[in-house]
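Asker: any chance you can model this:
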Amino acid sequence: MHPAFSIIIFTTLSGLGYGLAGVLGLDLLDPAATATKCAHALALALISVGLLSSAGHLGNPQRAWRAFSQWRSSWLSREGVMSIITFVPLLVSAWASIAEGRYLALPGFLGAVLCAVTVYCTSMIYASLKSVQAWHTPLTPVCYLLFAAAGGFVLASVFAFAGGGNTRVLPLLAIVFLVAAWATKLRWRKRMKDLVPLSTPESATGLGNIGRVRLFERPHVTENYLTREMGFKVARKHAEKLWRIALVAGGVVPAVLLLALAALGGQGTLPVTIASLAALAHWAGVFVERWLFFAEARHSVMNYYGG
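Answerer: This is a model prediction of the structure:
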């Protein structure tokens, strides 16, 4: 599949934003602290930028509003509807912290739950596609949810070291979710490599009873939407190299940095700087992981194009 950068930015930034908003909704940062107020603003900004970037992948962005009408059958529509609904408790929680310096339990908890539901809807856009066998597994939404939680706790750790919360508990929780997220992704990736294709040229053409089907001629000689969007290929050696980069940058580096900070404790400029580097490394690693998520996926329609 073609790894569109607008979709990668959307899924990574909105995942970080919803993860951070979920941590804030559980009252794990001091609502009266200036750092926590900044965290609320950052969470809303990440979610907004992520959602806006998704419009860049639409052929006619001005018609994006029509996607909201198909919520009964489309996970894409459900994700759009949930993203709007989720903004309501998030804005209430942000206002309570920024303007009044207090935590409201009902909108906070409701916002955290709706953040998880929205991320789940995003993941099901891909997990529901039977035509992309690598995505069609319960592990896909689990990975999306765990990466959102891991990113949220990593970012929350930055604001904890800036004076917003516990500088030992939040980094340790971040490490737990980092390990869980990347371990689940390793399992997801192993499953992808071991897949036996359900859709083959023989099954796609219905000629399997005759024998092995070989492409004699492509349906057309010029590129079209299908070959551009579904026919992307990445060399196996490059994919493995990128996977190691993603794992080290997105998992190992932030875990080591946060573990060292949790052991030392304290607040100040240096811990905030190091925690920020951990957050940037994590986002970079997840960005590469999400690129591979699309680049290595094979759509069954490519059976007709010799893919």
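Asker: list the buried residues of the helix or strand that contains Trp95.
Answerer: When elements are assigned from DSSP states H and E, Trp95 belongs to helix 75-100. Neighbour counts over helix 75-100 (16 or more other C-beta atoms under 10 Å) mark 75-83, 86-87, 89-90, 92-94, 96-97 as buried. C-beta here means a position set from N, CA and C on the backbone, and glycine is covered the same way.
Asker: nearest spatial neighbour of Glu296, skipping sequence neighbours?
Answerer: Distances taken as C-beta to C-beta, 6 or more residues apart in numbering place Ala239 nearest to Glu296, at 5.8 Å, with adjacent residues excluded.
Asker: got the phi and psi for that neighbour?
Answerer: Main-chain torsions, Ala239, degrees, to the nearest 10: phi -60, psi -40.
Asker: next one: the one 5 residues further on
Answerer: Arg244 has phi and psi values of phi -60, psi -40 when expressed as degrees, to the nearest 10.
Asker: what does the helix or strand where His238 lies contact?
Answerer: Taking DSSP H and E as the criterion, His238 maps to helix 236-247. With contact meaning C-beta atoms under 8 Å, 6 or more residues apart in numbering, helix 236-247 is reached by Trp182, Arg189, Val234, Gly285, Val286, Val288, Glu289, Trp291, Leu292, Ala295, Glu296.
Asker: so Pro271 sits against Leu264, correct?
Answerer: Yes - using C-beta atoms under 8 Å, Pro271 is in contact with Leu264, at 7.5 Å.
Asker: follow-up on the earlier one: send the alpha carbons of the helix holding His238 over as CSV?
Answerer: C-alpha atoms of helix 236-247 as CSV (Å, rounded to 0.1, in the frame of the first residue of the first chain):
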residue,chain,number,x,y,z
ARG,A,236,12.7,-6.7,2.3
LYS,A,237,16.2,-5.7,3.3
HIS,A,238,15.2,-2.0,3.6
ALA,A,239,12.1,-3.0,5.5
GLU,A,240,14.1,-4.9,8.1
LYS,A,241,16.5,-2.0,8.5
LEU,A,242,13.7,0.5,9.0
TRP,A,243,12.0,-1.9,11.5
ARG,A,244,15.2,-1.9,13.6
ILE,A,245,15.4,1.9,13.4
ALA,A,246,11.7,2.1,14.5
LEU,A,247,12.2,-0.3,17.4
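Asker: that helix: which residues count as buried?
Answerer: So for helix 236-247, counting by 16+ other C-beta under 10 Å, buried means Ala239, Leu242, Trp243, Ala246, Leu247.
Asker: would you mind putting those into TSV with pLDDT and distance to Leu106 alongside?
Answerer: Shown next, in TSV, are the buried residues of helix 236-247 (pLDDT from 0 to 100; distance: C-beta to C-beta, whole Å):
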residue	pLDDT	distance to Leu106
Ala239	87	46
Leu242	93	43
Trp243	94	42
Ala246	96	38
Leu247	96	39
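Asker: which residues of the stretch 151-300 of the chain fall in helices?
Answerer: Using DSSP state H, counting those that start in this stretch, the helices of the stretch 151-300 of the chain run over residues 169-193, 201-205, 225-230, 236-247, 253-264, 269-295.
Asker: what packs against the longest one?
Answerer: I take that to be helix 269-295. Other elements packing on helix 269-295 under the criterion 3 or more C-beta pairs under 8 Å, 6 or more residues apart in numbering; DSSP states H and E are helix 5-25, helix 139-159, helix 169-193, helix 236-247, helix 253-264.
Asker: can I get these in TSV with distance to Ala275?
Answerer: Formatted as TSV, the helices and strands packed on helix 269-295 follow (distance: least, C-beta to C-beta, whole Å):
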stretch	distance to Ala275
helix 5-25	13
helix 139-159	4
helix 169-193	8
helix 236-247	20
helix 253-264	6
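Asker: out of these, which is closest to Gln133?
Answerer: helix 169-193 (8.4 Å; C-beta to C-beta).
Asker: between that closest one and helix 5-25, how many degrees?
Answerer: Counting by axes from the mean of the first three to the mean of the last three C-alpha atoms, to 10 degrees, helix 169-193 lies at 140 degrees to helix 5-25.
Asker: what's the angle from helix 169-193 to helix 139-159?
Answerer: Calculated by the same axes, to 10 degrees, helix 169-193 forms an angle of 150 degrees with helix 139-159.
Asker: for helix 169-193, buried residues please.
Answerer: 170-175, 177-178, 180-182, 184-185, 188-189, 192.
Asker: contact partners of that helix?
Answerer: By C-beta under 8 Å, 6+ apart, the surrounding residues in contact with helix 169-193 are 23, 28-29, 134, 137, 139-140, 142-143, 146-147, 149-150, 153-154, 156-157, 160, 243, 247, 250-251, 254-255, 258-259, 261-262, 275, 282, 289, 296.
Asker: just the buried members of those?
Answerer: By 16+ other C-beta under 10 Å, the contacts of helix 169-193 give 23, 28-29, 134, 137, 139-140, 142-143, 146-147, 149-150, 153-154, 156-157, 160, 243, 247, 250-251, 254-255, 258, 261-262, 275, 282, 289, 296 as buried.
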